[in-house]
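> below is the sequence, then the predicted model.
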Amino acid sequence: MLAANVWHWWIGVLLTLGIVLLVVVIAVTYLATVTAQKHPRGKNRPQHSDL
């Protein structure tokens, strides 16, 4: 019975860490997408003809 409790605890820890990592990745991806739309670079950058 002790082994079942130990494995149950480790599965909970792994699931919790996985979910936390998933939330962090989603947040970073969202912020990168929003920032890229606000400050485009490369081909998407609007051309300014101030000259």
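Right, received. Where do you want to start?
> and residue 25, how many neighbours?
Residue 25 has 10 neighbours, counted by other Cβ atoms under 10 Å. (Glycine included, C-beta is placed from N, CA and C.)
> residue 41 too?
For residue 41, the neighbour count with other Cβ under 10 Å is 7.
> what pLDDT does it get?
With respect to pLDDT, residue 41 scores 76.
> OK, contacts around it?
For residue 41, the contact set (Cβ atoms under 8 Å, 6 or more residues apart in numbering) is empty.
> try residue 14
Residue 14 touches nothing, counting by Cβ under 8 Å, 6+ apart.
> where in the chain is pLDDT low?
Where the chain drops to pLDDT under 70, the residues are 1-5, 42-51.
> same thing but at 90, please
Applying pLDDT under 90 to the chain flags residues 1-10, 36-51.
> where do the helices sit along it?
2-38 (DSSP state H).
> now do residue 33 against residue 25, distance only.
As judged by Cβ to Cβ, to the nearest Å, residue 33 and residue 25 stand 12 Å apart.
> repeat for residue 40
23 Å.
> what's the burial count for residue 22?
If you count neighbours by other Cβ under 10 Å, residue 22 ends up with 10.
> contacts only, for it.
By Cβ under 8 Å, 6+ apart, the contact set of residue 22 is empty.
> any idea how far residue 6 is from it?
For residue 22, the distance to residue 6 - Cβ to Cβ - is 25 Å.
> over to residue 40?
51 Å.
> could you do residue 15 as well?
According to Cβ to Cβ, residue 15 and residue 6 sit 15 Å apart.
> ok, the residue nearest in space to the middle of the chain to residue 19 distance?
Here the mean C-alpha position of the chain is nearest to the C-alpha of residue 25 (Cα atoms, centre = their mean), at a distance of 1.3 Å. Distance of residue 25 to residue 19, computed by Cβ to Cβ: 11 Å.
> need the contact list for residue 25.
Residue 25 touches nothing, counting by Cβ under 8 Å, 6+ apart.
> can you get me a residue count around residue 37?
Residue 37: 9 surrounding residues under other Cβ under 10 Å.
> in contact with it, which residues?
Neighbours of residue 37 in contact, by Cβ under 8 Å, 6+ apart: none.
> shift numbering so it begins at 29
Sure thing, new numbering starts at 29, so read that last one as residue 65.
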